[in-house]
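**Student:** Predicted model and sequence follow; I will ask about them next.
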Amino acid sequence: MSTLVTGIGELVTNDDTVGPGLGVLPDAALVVEDGVVAWVGPASVAPDADRRVDVGGRAVVPGFVDSHAHLVFAGDRAAEFEARMTGARYDGGGIASTVAATRAASDAQLRARLAALVAEMRAQGTTTVEVKSGYGLTVADEVRSLRLAAEVTPEATFLGAHVVPPGADRAEYLALATGPMLAACAPYARWVDVFCEPASPHAFDGEEARAVLTAGRAAGLELRVHANQLSAGPGVQLAVELGAASADHCTHLTAADVDALAGGTTVATLLPGVEFSTRSPYPDARRLLAAGVTVALATDCNPGSCFTSSMAFCLALAVREMAMTPAEALWSATAGGAAALRRTDVGHLAVGARADLAVVDAPSWLHLAYRPGVPLVRTLDL
Ligand code: NIG
Ligand code: FE
């Protein structure tokens, strides 16, 4: 079954053989066969297909790739948000309350919440999402978090080293998270992650993070790191040294951190919804881009530091608050996210890519940043 998508006012391909930057094709059409892009070009020369879908002159972009999300949890922390908005600081301490609620929830409750959030994301144009564990923090609760995550995405991430759970001994917990917990979780995960943040009494320092990541790699997992969120700690340079796919947050960077990212293969994933929701200074995206670092944007959707599922909102924040150009922001929310997940099949719309199409209810993709907060994007199920 082939489908011709036509009436595309502007097609963002992220294909540099089409054009520089976003590879934008005006008055375009695209043929999808078995869920894969089979042809892209001007509508005037489009081939025939079994059926035809006309998007009425709207812009079409690659579906968003949200490479950082925490969606397996119960409870909410609206009161913590309210306290922050009247001056309280974020330090990760609230994670404990989500851990308690998550442990108390049934599988069915966690699965329903996860499905609702994935549907909410999809309804806003996100077609690939990474999902972390990290609110269970016992062997059984981490395993079930990852089992549920793996039901909705191949991008499931073991984050047993999110924080030291309340009441646990730090060294004993680290031994568990790098030993029996890791062994039990690895079959359900692609990635291992760690909250490396010496400035938080709850999270992990550089040497602890190194232990988590090297054990994870030995168990067959690929690496990603929560790095430099609250302070210029060792996370970013550790991520680059170990060849992690992504260093996420990158809010506080030294010149040496930027140099390391520029000289390595690690993507810098910026999460501006977190700075918005914790009322913190934004990362310096311009400095990273000037140094030639690959930048991704993601939501970090989670009940504590940022409870948005909207990539379009994060894209608008990146433009307004981090001085990314609209084109840089859209690239980072699509192709950048794909790079952060080491995926070559998503984040672009060249022949051979997955046909993850997002339709913008506007004549131009620019409206994504131009009309912040307006639900313009939907996915096209073909
Ligand atoms: O990415 N930094 C650590 N983890 C999450 C927040 C988790 C939470 O507060 O519940 C983050 O910001
Ligand atoms: Fe996170």
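**Tutor:** Yep, it's here. Ligands and ions are numbered 1, 2, ... in the order given.

**Student:** Helices along the stretch 201-350 of the chain, start to end?
**Tutor:** Using DSSP state H, counting those that start in this stretch, the helices of the stretch 201-350 of the chain run over 206-218, 235-241, 255-263, 272-277, 285-290, 311-322, 326-331, 337-340.

**Student:** Contacts for the shortest one next, please.
**Tutor:** For helix 337-340, the surrounding residues in contact (CB atoms under 8 Å, 6 or more residues apart in numbering) are 64-68, 128, 224, 245-246, 248, 267, 269, 294, 296-298, 344-348. Just so you know, the C-beta spots here come from the backbone N, C-alpha and C atoms, and that holds for glycine as well.

**Student:** Among those residues, name the buried ones.
**Tutor:** Listed as buried from the contacts of helix 337-340 are 64-68, 128, 224, 245-246, 248, 267, 269, 294, 296-298, 346-348; burial here means 16 or more other CB atoms under 10 Å.

**Student:** Just those residues: which are in strands?
**Tutor:** 64-66, 128, 224, 246, 248, 267, 269, 296-297 (DSSP state E).

**Student:** got the phi/psi numbers for the most centrally placed residue in the chain?
**Tutor:** Centroid check for the chain by CA atoms, centre = their mean gives Ser67 as the closest residue, at 2.2 Å. Backbone torsions for Ser67, taken as degrees, to the nearest 10, come to phi -90, psi 10.

**Student:** looking at it, it is touching Leu270, isn't it?
**Tutor:** No - at 10.8 Å, Ser67 does not count as touching Leu270 under the criterion of CB atoms under 8 Å.

**Student:** Quick check: neighbours shared by those two?
**Tutor:** Residues touching both Ser67 and Leu270 (CB under 8 Å, 6+ apart) are 296, 298.

**Student:** Just name the most buried of the helices of the stretch 201-350 of the chain.
**Tutor:** Highest mean neighbour count among those (mean count of other CB atoms under 10 Å): helix 337-340, with a mean of 27.

**Student:** Give me the packing partners of the host helix or strand of Val194, helices and strands only.
**Tutor:** In this assignment (DSSP states H and E), Val194 forms part of strand 191-196. Where contact means 3 or more CB pairs under 8 Å, 6 or more residues apart in numbering; DSSP states H and E, strand 191-196 is packed against strand 156-161, helix 206-218, strand 222-227.

**Student:** Dump the ones you listed into a markdown table; add distance to ligand 1 as well.
**Tutor:** Putting the helices and strands packed on strand 191-196 into a markdown table (distance: least, CB to the nearest ligand atom, whole Å) gives the following:
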| stretch | distance to ligand 1 |
| --- | --- |
| strand 156-161 | 8 |
| helix 206-218 | 12 |
| strand 222-227 | 5 |
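
**Student:** any chance of these in JSON lines, with mean pLDDT and distance to Met311 too?
**Tutor:** Formatted as JSON lines, the helices and strands packed on strand 191-196 follow (pLDDT from 0 to 100; distance: least, CB to CB, whole Å):
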{"stretch": "strand 156-161", "mean pLDDT": "98", "distance to Met311": "18"}
{"stretch": "helix 206-218", "mean pLDDT": "98", "distance to Met311": "27"}
{"stretch": "strand 222-227", "mean pLDDT": "98", "distance to Met311": "18"}
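
**Student:** any chance of the ones you listed in CSV, plus distance to Ala327?
**Tutor:** What follows is these, written out as CSV (distance: least, CB to CB, whole Å):
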stretch, distance to Ala327
strand 156-161, 29
helix 206-218, 33
strand 222-227, 26
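
**Student:** Neighbours of the residue nearest to Ser277 when sequence neighbours are not counted, how many?
**Tutor:** Counting by CB to CB, 6 or more residues apart in numbering, Ser277 lies nearest to Cys306, which is 4.3 Å off, once chain neighbours are set aside. Neighbour count of Cys306, defined by other CB atoms under 10 Å: 25.

**Student:** Now do the same contact list for Cys306.
**Tutor:** Going by CB under 8 Å, 6+ apart, Cys306 touches 271, 273-274, 276-278, 299-300.

**Student:** Taking those, tell me the two that lie furthest apart.
**Tutor:** For the contacts of Cys306, the farthest-apart pair by CB to CB is Thr278 and Thr299; their separation is 13.8 Å.

**Student:** Against Gly136, how distant is the residue of the chain found nearest ligand 1?
**Tutor:** Ranked by CB to the nearest ligand atom, the top residue of the chain for proximity to ligand 1 is Gly304, at 2.3 Å. Applying CB to CB, to the nearest Å, the value for Gly304 to Gly136 is 15 Å.

**Student:** next one: Thr17
**Tutor:** Remark: distance between Thr17 and Gly136 (CB to CB) = 45 Å.

**Student:** related to what we said a few turns ago, where does the residue of the chain closest to ligand 1 land on pLDDT?
**Tutor:** Gly304 carries a pLDDT value of 98.
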